[in-house]
Structure formats: C-alpha cells, structure tokens
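Novice: what's the 3D shape of this:
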Amino acid sequence: MNNRLRRCMAGFLGVVLPVAAALAGNYPSQPIRMVVPFGAGGVTDTTARVFAEGLTRELGQPVVVENRAGAGGSIAAGAVAKSSGDGYTLLVITNGMIAVNPLIYKTLPYDPNKDFAYVAMLANTPTVLAVGVGSPYKSLPELVSAAGVQADKIAFSTAGEGSDNYQVLELLQQATGVKMLHVPYKSGNESLTAVMSGNTDVTAVSAVTAVGFIESGQIRPFAVTSARRLANLPDIPTVKEVLGKEAEGGSLSGIAVPAGTPPDIVARLNSAIAVVAKSSSVQDKIYGRGSEPVDGSQEAFARKVVEEQKKWAGILAALRK
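Specialist: Predicted coordinates:
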C-alpha cells in the first residue's frame, strides 16, 4: 500500500469510525423490526412477541414483530442477512435454522456462520408429542407400532423442515427405527390444526402452546421430549419413560443481527434482553409455561451454535444411512 493510499484510508476511517460510534451511542433512535421466521401462533412467535413487548419498554422504541414464514425459516434468515447491520433489524433464529437447514437444503440464502452476529439465546422449549382427541391411537407405543407395520402409514405434521417439531419427529423415527410420512405446513399452528382435524396423525407441540389445548381437551398428549417431566405438565411422561429410548428435542430460540452490526449495539441488545428475561411477563408467559431459561451471554450462544451444528450433522447422517 503506497503512502497516498494509506493517507486516504486513514482519512476514511477517521470519518467512518466516529460516525459509527455516534450511531451506536444514540441507539436506538427509531423503531426496531423483529423478524419471526414462522407464522403466528407457534412457540417461536409467542416467545418473540413477549420479548418484543419487554424490549419496547427497555429500549424506549417500538419493537415491531414481522412474521416471514417459509422454508424452515430460510426466507426470514435470508432477508435479514441482507439487511443493514445497524441494529434496527433483528432475527429470531432457531437451532433448526442454524444447524438443520444447512444440511437439508441444497442452497440457502444465508450462511449461519458468516452472515449473523449472535446476540442472546431466549429460551429452550421442549415439545409434547400429541394426537387429536379423535385419534384411534391411545398411546405412543401403539402409534409407533402402527408406524412399524408399514412405512409412511403414520403421517406427522410440522411447521416445515428445520422446525422444532420436524426435528423432534425425526429424532423419534431415529430412536424407534420406524418411517413416518412428513406433511409440512407454514406454521406450528397450522400443523396442530391438521392433527386436531384428523388430516395428520401426530405432531410435536411446543410445551408452551400445548397447555391450553390439553386443558380444553382438544389434543391427547403422549409424552414430553425433555430429560425430565415438566413442572407445568407433571402428569405427562417423558419419551424415555414411555419407550425406553432417548428423543429429547425442541425449540431453542435466540436473537441474531446481520454481521457487521457494531459491537456496542450488539452489547446494548444483549443487556436489554437480559433485563427482559428476568421480567415477570417473561417468567410467567414463557418460562412458567414450559420453556426453560438459558444462558443469555453472547459467548454461550456462540458455543451453542457450534454444538447444535455438530449434533445435527451426526443425527441426519445416521438417518440417511
């Protein structure tokens, strides 16, 4: 690099860096958009809306939720990846978008390892394996047995490949050695409706969403996909209790922003999320209804991304053998 170019670069940085610092210092000064990768009514959407409400209070600017469903969250992730890294576009990102989508889609409009800065995890939510109340199957072993008689005899509905209920049903098939028919929908709500109407046989419903439907008698719960029974659903056994096999999974959600977002803004968002996570609203509406609290640090999120990618690479490789 010649002296003239060095001087030009120094002059450029001398202008840009103070401006970036000033922008971060004034953040936020306008409404913030929070992009949710699935339709309304599912656990990701519910979690997003509760946190958006809290962040609106904590940041002093409206945090507006925008649902952009499709392709297991890839449409939303691709749009956010191309957005300006100014802190005014947030993505609710899930473990499926980080670790499963890159393995099941030939091409993606985003790279989970290059296009985002990971701000904070929000919650981990196990699911409830359930059928409609009109289902002929009265237990999980009975349903698995029916699936074992003929491949694709049992249809399971999900919010699409990469979604939390897709992951859980894939885990169940791997654990039991049966093959079921996948019927994808655009949202967890549509997936649940399909089961309740008898269009599909089984689904995995987030523990947060499942409570009301169980209490109203609209679904028949078989098992929870967690290591232990849930405090708010103590009468529902775990998959291991019922089948003697491991099938733990669910939805891990967090907030990501486009790569290149100033570290000061990322840190501001992280600290705001930490405050909101401790609020009575989140404790009651999220953690008190089946979701589990998580480590909210940026470092923990970065580690979890790597862990999930390694985990699902192994699981899907085994399923495709």
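
Novice: where along the stretch 101-250 of the chain do the helices fall?
Specialist: Taking DSSP state H, counting those that start in this stretch as the criterion, the stretch 101-250 of the chain contains helices spanning 101-104, 140-149, 164-176, 188-196, 207-215, 239-243.

Novice: hang on, residue 90 in a strand?
Specialist: Yes - in this structure, residue 90 lies within a strand as judged by DSSP: H, G, I helix; E, B strand; the rest coil.

Novice: which residues are in contact with it?
Specialist: Contacts for residue 90 were tallied using Cβ atoms under 8 Å, 6 or more residues apart in numbering; they are 32-35, 63, 80, 119, 255-257, 269. For glycine as for every other residue, the C-beta is placed from the backbone atoms N, C-alpha and C.

Novice: please report how far the spatially most central residue of the chain lies from residue 249.
Specialist: Nearest to the geometric centre of the chain sits residue 94, at 2.9 Å (Cα atoms, centre = their mean). Distance of residue 94 to residue 249, given as Cβ to Cβ, to the nearest Å: 12 Å.

Novice: next one: residue 46
Specialist: Separation of residue 46 from residue 249 (Cβ to Cβ): 18 Å.

Novice: ok, the two, which is more surrounded?
Specialist: Shown here are residue 46 and residue 249; by other Cβ atoms under 10 Å, residue 249 has more neighbours (26 against 23).

Novice: isn't the more buried one right up against residue 129?
Specialist: No - counting by Cβ atoms under 8 Å, residue 249 stays clear of residue 129, with 10.5 Å between them.

Novice: find residues that contact each of those two.
Specialist: Any residue near both residue 249 and residue 129 by Cβ under 8 Å, 6+ apart counts here, and that gives 168, 204, 225.

Novice: top of these by neighbour count?
Specialist: residue 204 (36 neighbours).

Novice: quick one: neighbours of the closest residue to residue 111 other than its chain neighbours, just the number.
Specialist: With Cβ to Cβ, 6 or more residues apart in numbering as the criterion, residue 111 has its nearest non-adjacent residue at 7.7 Å, and that residue is residue 81. Here the neighbour count serves as a burial measure; for residue 81 (other Cβ under 10 Å) it reads 21.

Novice: just to revisit the earlier point, from residue 306, how far off is the residue nearest to the centre of the chain?
Specialist: Using Cβ to Cβ, one obtains 16 Å as the distance from residue 94 to residue 306.

Novice: any stretches of this structure with poor pLDDT?
Specialist: For the chain, applying pLDDT under 70 flags the ranges 1-24, 319-321.

Novice: isn't residue 195 right up against residue 157?
Specialist: Yes - with the criterion set as Cβ under 8 Å, residue 195 and residue 157 qualify as a contacting pair; they are 5.9 Å apart.

Novice: now list whatever residues contact both of the two.
Specialist: With Cβ under 8 Å, 6+ apart as the test, residue 195 and residue 157 both reach 202-203.

Novice: what are the contacting residues of the one helix or strand residue 281 maps to?
Specialist: Taking DSSP states H and E as the criterion, residue 281 maps to helix 280-285. Applying Cβ under 8 Å, 6+ apart, the set of residues contacting helix 280-285 from outside is 46, 50-51, 53-54, 276.
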